[in-house]
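> Fold the following, please.
(one chain, ligands or ions: 1)
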Amino acid sequence: MPMMRAGVIRGFGPPEVLRVESVEQPRAGHGDVLVRVHAASVNPIDCKVRSGTNRAILPPRLPWILGLDLSGVVEEVGPGVTGFRVGDTVYGSPSHRRPGTYAELVAVDARELAPKPASLSHVEAASLPLVFQTAWDCLVRAAALGPGQTVLVHAGSGGVGTMAIQLARHLQAHIVTTCSPRNAELVRSLGADHVIDYREQDFTQELSGLDVILDGLGRQTQLAGLPVLAPGGHLVSIASGLPAQARTWGPWLGLLVTALDLAWRSARARLSGRHLHHVIRRADAGVLLALERLIAVGSIMPVVDRVFPLEALAEAHAYSETGRARGKIVIAIA
Ligand SMILES: NC(=O)c1ccc[n+]([C@@H]2O[C@H](COP(=O)([O-])OP(=O)(O)OC[C@H]3O[C@@H](n4cnc5c(N)ncnc54)[C@H](OP(=O)(O)O)[C@@H]3O)[C@@H](O)[C@H]2O)c1
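Purely as a prediction, here's the structure:
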């Protein structure tokens with residue numbers, strides 16, 4: 001049987017449980033495209049799945065190949081697929097239920113792929129899909145951010161933040177962001193109008209009357225952010241922010257506590273006349289077509305921090321878990 005190299009977990013734990021192994025190649029099922037992966041990227045959710053902290057929400061069937069972003073070349077087209085041909089260069093992000101891009105080959109639902117923007121390398125293209133789709137779902141779909149509105153993007157120098165700032169600039173919003181001083185120049189170059197050093201400054205003392213907050217940090221910043229929003233403003237959360245104690249109660253009780261806590265936070269926002277949205281990004285290739293147009297006019301550019309070879313996946317995860325990535329961590333495969 002034909003084999004390939006892939007980044008696999010056979011149990012939960014630290015980065016070292018993620019090993020590169022020889023495994024059976026996937027085939028393109030009905031509606032699928034088999035892609036030869038040239039580059040993948042690391043997202044914090046990959047680390048959460050690997051460590052087991054997310055296993056109540058996204059239970060993986062072990063052994064499990066991680067990876068949710070890809071750029072590569074179509075190797076085989078499954079039955080029922082009309083939009084792609086062998087040899088096409090594509091990029092995309094499969095749904096959370098069907099990852100597997102840390103591999104030489106991956107079978108992906110054709111509806112989750114789009115043609116790779118010609119001006120980008122595979123490394124650059126693989127850095128974009130999941131974080132751009134997330135920024136889009138938050139700012140366009142959830143908050144309907146518009147010209148002249150003010151948005152606070154927390155963690156502006158991270159994977160989602162670097163996309164959210166550029167998208168907000170395209171939407172002609174006024175942009176405030178938080179990061180450490182070493183990243184202030186980067187976020188300004190992407191379009192931030194006002195930068196807050198979160199280690200020295202308290203955003204709740206500096207800001208008021210915001211239209212939108214995009215928060216990937218969690219519970220504490222979300223609760224602190226509500227009073228800083230204008231009445232009718234939108235707090236868009238992409239991090240549920242499990243209360244710290246819940247992690248020690250086991251996954252199922254932790255999940256229940258998180259669900260109740262999210263409902264309580266939403267009710268609290270409603271009572272204060274603000275909107276709280278909990279966003280889980282959609283693996284929507286239509287958004288990638290919009291992204292291609294924004295790349296073509298220079299509104300969005302990739303921000304790649306470090307590139308690791310497939311063999312150094314554990315190192316790449318350890319780096320992601322430092323919480324210090326500037327933009328994206330990419331895995332070069334082909
Ligand atoms: N719900 C969804 O669908 C969805 C989708 C994507 C991501 N997420 C989640 O969103 C979160 C962010 O994802 P990401 O890919 O952007 O992560 P990331 O790239 O790993 O974020 C790293 C950045 O976070 C910044 N940072 C760390 N602590 C900070 C703080 N207290 N205040 C401000 N900035 C801080 C760091 O900036 P400095 O080095 O300058 O401190 C660094 O540049 C993760 O929890 C991820 O799982 C959710």
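> count of neighbours near Asp46?
28 (other Cβ atoms under 10 Å). (Glycine included, C-beta is placed from N, CA and C.)
> What residues does it make contact with?
66-68, 99, 102, 317, 320 (Cβ atoms under 8 Å, 6 or more residues apart in numbering).
> What about these, which one has the most neighbours?
Tyr102 (29 neighbours).
> If I follow the layout properly, that one ends up in contact with Leu68?
No - using Cβ atoms under 8 Å, Tyr102 makes no contact with Leu68, being 9.2 Å away.
> Around the ligand, which positions in the stretch 101-250 of the chain sit nearby?
When proximity is defined as Cβ under 6 Å from any ligand atom, the stretch 101-250 of the chain approaches the ligand at 131, 134, 154-155, 157-161, 178-180, 183, 198, 216-217, 238-239.
> Sitting in strands, which of those do you find?
If you go by DSSP state E, those have 178-179 in strands.
> Report the buried members of the residues of the stretch 101-250 of the chain next to the ligand.
131, 134, 154-155, 157-161, 178-179, 183, 198, 216-217, 238-239 (16 or more other Cβ atoms under 10 Å).
> one step back: and the furthest pair within the contacts of Asp46?
Across those, the longest distance by Cβ to Cβ is 15.1 Å; it joins Pro99 and Ser320.
> ok and the residue in the stretch 51-200 of the chain nearest the ligand?
Gly158 (2.5 Å; Cβ to the nearest ligand atom).
> for the helix or strand of the chain with the lowest mean pLDDT, which positions count as buried?
Lowest mean confidence among the helices and strands of the chain (mean pLDDT, DSSP states H and E): helix 251-271, at a mean of 84. For helix 251-271, a neighbour-count test (16+ other Cβ under 10 Å) marks 251, 254-255, 257-258, 261-262, 265-266, 269 as buried.
> Please report how far Val236 lies from Gly52.
Noted for Val236: a distance of 27 Å to Gly52, by Cβ to Cβ, to the nearest Å.
> Between those two, which is the more surrounded one?
Val236 (27 against 15).
> Okay, now the sheet partners of the host helix or strand of the more buried one, with direction.
According to DSSP states H and E, Val236 maps onto strand 229-237. Partner strands and pairing direction for strand 229-237 (DSSP bridges) are strand 210-215 (parallel), strand 275-278 (parallel).
> quick one, that strand and helix 251-271 angle?
160 degrees (axes from the mean of the first three to the mean of the last three Cα atoms, to 10 degrees).
> And stretch 201-221, what's buried?
For stretch 201-221, the neighbour count (16+ other Cβ under 10 Å) marks 203, 207, 210-219, 221 as buried.
> Quick check: of the residues you listed, which lies closest to Val187?
Out of these, the member with the shortest distance to Val187 (by Cβ to Cβ) is Leu214, at 13.2 Å.
> Quickly list the domain ranges of the chain.
As assigned by automatic domain parsing, the chain contains the domains 3-128+303-332, 130-278.
> lowest-confidence stretch among those domains?
With a mean of 93, domain 130-278 has the lowest mean pLDDT of those.
> Now do the end-to-end distance for that one.
By Cα to Cα, to the nearest Å, the extent of domain 130-278 from end to end equals 16 Å.
> now swap in stretch 174-183 and tell me
Start-to-end, stretch 174-183 (Cα to Cα) is 19 Å.
> thinking again about what came up before, strands - which of the contacts of Asp46 land there?
Among the contacts of Asp46, no member lies in strands (by DSSP E).
> Closest to His277 out of the residues you listed?
Lowest distance from His277 to those (Cβ to Cβ) belongs to Leu68, with 21.2 Å.
> show me what contacts that closest one?
Leu68 makes contact with 43, 45-46, 93-94, 96, 99, 101, 130, according to Cβ under 8 Å, 6+ apart.
> And those, which of them are buried?
Among the contacts of Leu68, the ones that count as buried by 16+ other Cβ under 10 Å are 43, 45-46, 93-94, 96, 99, 101, 130.
> Quick one: residues in contact with whatever helix or strand Gln222 lives in.
In the assignment (DSSP H and E), Gln222 maps to helix 219-225. Outside of helix 219-225, the residues within contact range by Cβ under 8 Å, 6+ apart are 152, 154, 203-204, 213, 215, 235, 237, 240-243, 261, 265, 268, 276.
> from these, which is closest to the ligand?
His154 (5.4 Å).
> contacting residues for that closest one?
161, 177-178, 213-217, 221.
> Same check on Pro181?
197, 199.
> same thing but at 6 Å, please
Listed by Cβ atoms under 6 Å, 6 or more residues apart in numbering, the contact set of Pro181 reads Asp197.
> Can you tell me how far it is from Met4?
43 Å.
> what's the closest non-adjacent residue to the residue nearest the centre of the chain?
The centre of the chain sits closest to Val131, judged by Cα atoms, centre = their mean, with a distance of 3.7 Å. Spatial nearest neighbour of Val131, excluding adjacent residues (Cβ to Cβ, 6 or more residues apart in numbering): Gly159 at 4.3 Å.
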